[in-house]
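**Student:** whatever this is, show me its structure:
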Amino acid sequence: MSLSNQYLHTLTSNASRLGARISETISEQARELSGTNSNTPAPTLDGIDDRAKIAGIKKQLELGSSEREKLDALKRLVALTSKSHPPTFTLPFFPSVVKLVASPSLEIRKLVYIYLLHHAPYDPDLALLSINTFQKDLSSDPNPLIRAMALRVLSGMRVPMVANVVVMGIKKCASDSSPYVRKVAALAIPKLYELDPSQLPTLLPILTQTLLSNSSFSPLCIGATVFSFNSICLRPISQWPAPRGYVSPEEQAAHTAQTIDYLKLVHPHYRRLCRILVDVDEWGQVEVMRLLLRYTRVMLSKPTPTADGSDLDSDLKLLLTSVEPTFMSRNPSVVLAATKVFYYLAPRSDWKKVITPLLRLLAVSKEVERVVIRYLVVLTSRQRTISTLLAPHFASFLLRFASDPVPLQKDKIRLLLNLLNADNDEMVEAIWMGILREFIACVENVGEDEVIQEAVSGVGELARRVGFGVTTKGSGAAGPVREDVVKVCVTALMEMIGSPYDIVVSSAVQILQQLVQLQLSSSASGLYLQQQQAPLTIIARLAKQFEDIKHAEARACVVWLVGQYAAAVPGSKATAIEGMTDWAPDLLRKCARSFVNEAPLVKMQIVTLAGKLIIIAPPPPSPSASPPPEESQQSTDPVADEKARKLAMLVKYVVHGLARYDAHWDVRDRARLVWGLVRGLVDKYSATSEEEENEVGGVVLRREQRGREVKGAFGALSAFGIGAASASEPSKRHQNYDELEDEDDRVKADETLVLDSFDEDVPEWMEKGVESKLRDSENDNAAIRKPVITAMGSGNFNRGEQASGGVSGAGARAASSAGPVVLVPTNLAGTSEAVASEPKKTWRDLDSFYADTEVVEEVEGSDEDEDSEEDEDDGSDNDGEEVSPERGEARRTADGSEESEEEDSSGAESHDERRALVGQP
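**Tutor:** Next up, the predicted model:
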């Protein structure tokens, strides 16, 4: 009856508690809904109900409460801590929570540790009450999880007063028998270093000696150990706290010297880290490869190219061999880290190994694809070799307009352009048309403006690189001109000008400006003399469509083109003004009407256009009776003179009238400069008598000076990249990805270059490394030895090899006769290859094989008899165990029966024994 009453009471209490919990949940959801549906803010934890709830939490944390109530209260506290409330809101519960730090319940301890990690810095005095419990857990608790959690909380408290206690805990856990505890100890070292940097001399021996010793060296904790070493000793200079915002050369030199000193600590562990790389966890592999990459660049000699390839150091070969299996990892970070190692350390002939793993990562996810494409953009812009290797796979980088984000589409366009830098001309010939179609499809898709601008710019870059043979270095060393490529690209851009979308038209105009200028500048070589009219036709079409172009930079490009090439081509049809195209003055007339509404960039180009046109125009007829001899032979057409005079008045109206009083100071400065150059010509057109002509002020240019002035003074008035320099230089969108054939060229080109995240932690390669013997260790000799296949019994696999040291002798053969004859790897403990390896025997037929087998068995039988006699005299075999006299007389076969040595020597061997004899050296 008492049991039933107790059960009923428990059931009732649980039901009431469940009802209270359900009511709280419903009320909270109703409160949230009311807060979202009305403009009144929802009540916070500072309300009356929340205060009662907090009071209930404090009552549940008392010592008399049950474990379940304490667990429920801690869960509520952690939930309140995880919300956007300050830690001071839950800080009053600190004394009650600290009392539970020694609770026998593992779940309660975990929640207490989480609470302490968040609140210990706000009340360090109360946090010190739990230090004794943590020290006790570190020293006596048999559960490795409790020991690790105790150290984790100690190192994460951020209380400076416990730094010495944390050091003691790290020292103790670094030599713990559990790899998990050692891993937590390694991860606690950076936390302690951030808390107290003066502990570095104490922490370094723990990292390099205790955690990397033979007893503690484990794949489970090696990743955390290397991570701590990288965080403390190899921190990039960009992560230094620099309040001045820059790093001086002295600080840079000091950082390099300090890094070299720290890397010297890796000498005895280098080869062991290489061999254990494949067994480390995935994130540990990234850290280990990062450390080995920096160590190799500083401590190993730089490979020297030879006729057969590159002369690689043996330790460098070991690293590359150890890194190569990580290309098959499923973790993208591991594959990218391995790619980085091969890029900086491997010869170019081995770069082909990174292509397939990187292409495999493109199908993992959109985020991974963006990172991989970004890596490939950097690599292909620096090395033509990688562009050549990726060119056959250009279809993998085509855009997916429906799913690819905008940054990924832009990076893919840049990558496709970089593939055109391939060394193989046949490969470029095979892919350039497909890439051009992809760019045109991007424009026709009419997606984001940034993608359209990038695609149109890509068409121009393709024409520059493939059509004109201009490299992205902009060195001016153009290759052979491809007339077909230029024609296709210009045709595509001309079709884009007729697009109804302003962003397409403006982008196409800006690219056409560069291509037209580049095409006309290449006419001096005689390649485009017969096609000079085509660029001028393009300019005429742009001038006629000027009013339809809305983008300010595109309008400025059109005005600049018209002014630069306004002079009529010799031999062309007659024009209204001698020596000047008809569409140039008409464009100036249109610009004068819309001058007030133009952007400052366009206004400055209009002023420059006005100055160029008045210089190109023929000189006015002199009102004096005797004209100068240089002008006496010129035709005097009254209509042409009148048009030239109207042009001079239009120039004066634009330069001295509109631009002189413009609100923008750059426009006013440009107007004053141009008016000072052309004032004499304008006044000369308006002079009606000889006296007025003699009173003309300003600069008066002679006929032979005008052509030079257009190309000289006015050619220098190019603003915002519009001008002669823009045709030979890469586009602004691609100038950050200039091709660099050699990494040393990048360093020499700009000493103040800020390296990106791809190589910010990669030092320069030293020409001469340190001696190889510094990397020798006790484990190298045993690790180098390779197992040799011999006929040995599995029963004596360890015992026989340890006794004989792996040497093929009579004792070893006697020991091997105790078990079944199988093929097993031996020599794991011991001998060098020179002793263990012998030339293999070859048999051409079965008769020679059986004859050789009989000879070997006779020799073995005589050796075993001698060994048995020696064992009887000594009383023990090579293992220190007693050997029976009958041991050398018979042996056990695979089926369990015994055969005598006489029967064995008569040629009645089993099939397994013949296989064993074949495998003997």
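**Student:** what segments of this protein are strands?
**Tutor:** All strands of the chain, identified by DSSP state E, fall at 304-306, 309-311, 788-793, 821-826, 890-892, 898-900.
**Student:** got any ranges where the stretch 301-450 of the chain has weak pLDDT?
**Tutor:** 307-310 (pLDDT under 70).
**Student:** where along it do the helices fall?
**Tutor:** All helices of the stretch 301-450 of the chain, identified by DSSP state H, counting those that start in this stretch, fall at 314-323, 332-345, 355-361, 366-382, 384-390, 406-418, 425-445, 449-462.
**Student:** mind listing what's buried in the fourth one?
**Tutor:** Which is helix 366-382. Neighbour counts over helix 366-382 (16 or more other Cβ atoms under 10 Å) mark 368-382 as buried. Every residue, glycine included, has its C-beta placed from N, CA and C.
**Student:** just the first one next, same as before
**Tutor:** When burial is assessed from 16+ other Cβ under 10 Å, helix 314-323 yields the following buried residues: 315-316, 318-320, 322-323.
**Student:** helix 332-345 and that one, what's the angle between them?
**Tutor:** Helix 314-323 runs at 150 degrees relative to helix 332-345, counting by axes from the mean of the first three to the mean of the last three Cα atoms, to 10 degrees.
**Student:** now for helix 314-323, which elements pack on it?
**Tutor:** helix 270-276, helix 282-299, helix 332-345 (3 or more Cβ pairs under 8 Å, 6 or more residues apart in numbering; DSSP states H and E).
**Student:** tell me which of the ones you listed lies nearest to H119.
**Tutor:** H119 sits nearest to helix 282-299 of all those, at 29.4 Å, using Cβ to Cβ.
**Student:** okay if I get the helices of the stretch 301-450 of the chain as TSV plus distance to P121?
**Tutor:** Listed next are the helices of the stretch 301-450 of the chain as TSV, based on distance: least, Cβ to Cβ, whole Å:
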stretch	distance to P121
helix 314-323	41
helix 332-345	32
helix 355-361	41
helix 366-382	34
helix 384-390	49
helix 406-418	39
helix 425-445	53
helix 449-462	45
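**Student:** any idea which of these gets closest to G469?
**Tutor:** Closest among the helices of the stretch 301-450 of the chain, using Cβ to Cβ: helix 425-445, at 10.5 Å.
**Student:** now that closest one: buried residues?
**Tutor:** 427-428, 431-432, 435-436, 438-440, 442-443.
**Student:** now T90. Its backbone dihedrals?
**Tutor:** According to degrees, to the nearest 10, the main-chain angles of T90 amount to phi -100, psi 10.
**Student:** so it sits against H119, correct?
**Tutor:** Yes: using Cβ atoms under 8 Å, T90 is in contact with H119, at 7.1 Å.
**Student:** mind listing the shared neighbours of these two?
**Tutor:** By Cβ atoms under 8 Å, 6 or more residues apart in numbering, T90 and H119 have these common neighbours: T81.
**Student:** domains of this structure?
**Tutor:** 348-524, 554-621+640-689+698-719 (the TED database).
**Student:** and those as JSON lines, adding distance to V247?
**Tutor:** JSON lines is the format used below for these (distance: least, Cβ to Cβ, whole Å):
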{"stretch": "domain 348-524", "distance to V247": "23"}
{"stretch": "domain 554-621+640-689+698-719", "distance to V247": "35"}
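**Student:** picking up where we left off before, can you redo the buried residues of helix 425-445 as JSON lines with distance to C233?
**Tutor:** Below are the buried residues of helix 425-445 laid out as JSON lines (distance: Cβ to Cβ, whole Å):
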{"residue": "M427", "distance to C233": "44"}
{"residue": "V428", "distance to C233": "46"}
{"residue": "I431", "distance to C233": "46"}
{"residue": "W432", "distance to C233": "48"}
{"residue": "I435", "distance to C233": "45"}
{"residue": "L436", "distance to C233": "50"}
{"residue": "E438", "distance to C233": "47"}
{"residue": "F439", "distance to C233": "47"}
{"residue": "I440", "distance to C233": "52"}
{"residue": "C442", "distance to C233": "47"}
{"residue": "V443", "distance to C233": "51"}
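**Student:** which one of the helices of the stretch 301-450 of the chain lies nearest to S178?
**Tutor:** Closest to S178 of the helices of the stretch 301-450 of the chain, according to Cβ to Cβ: helix 332-345, at 25.7 Å.
**Student:** what angle do the closest one and helix 282-299 make?
**Tutor:** Using the same axes, to 10 degrees: helix 332-345 against helix 282-299 is 10 degrees.
**Student:** any buried residues in helix 332-345, and which?
**Tutor:** 332, 334-345.
**Student:** circling back to that earlier point, out of the buried residues of helix 314-323, which is nearest to K83?
**Tutor:** Among those, V323 lies closest to K83 (Cβ to Cβ), at 45.1 Å.
**Student:** can you tell me the closest non-neighbouring residue to L336?
**Tutor:** Y375 (6.2 Å; Cβ to Cβ, 6 or more residues apart in numbering).
**Student:** also P190?
**Tutor:** Take P190 and drop its neighbours on the chain: the residue closest to it by Cβ to Cβ, 6+ apart is S231, 4.5 Å away.
**Student:** could you list the low-pLDDT ranges of the stretch 701-850 of the chain?
**Tutor:** For the stretch 701-850 of the chain (pLDDT under 70), the answer is 701-760, 780-847, 849-850.
**Student:** go ahead and confirm L292 touches L316.
**Tutor:** No: the criterion here is Cβ under 8 Å, and L292 misses it with L316 at 10.1 Å.
**Student:** contact partners for the closest residue to T296 other than its chain neighbours?
**Tutor:** Leaving aside its sequence neighbours, T296 sits nearest to L345 (Cβ to Cβ, 6+ apart; 5.7 Å). Contacts for L345 (Cβ under 8 Å, 6+ apart) come out as 293, 296-297, 316, 319-320.
**Student:** which of these sit farthest apart?
**Tutor:** Using Cβ to Cβ, the contacts of L345 reach their maximum pairwise distance at R297 and L320, which is 13.5 Å.
**Student:** ok so, going back, can you put the helices and strands packed on helix 314-323 in TSV and add distance to V486?
**Tutor:** Converted to TSV, these look like this (distance: least, Cβ to Cβ, whole Å):
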stretch	distance to V486
helix 270-276	52
helix 282-299	43
helix 332-345	34
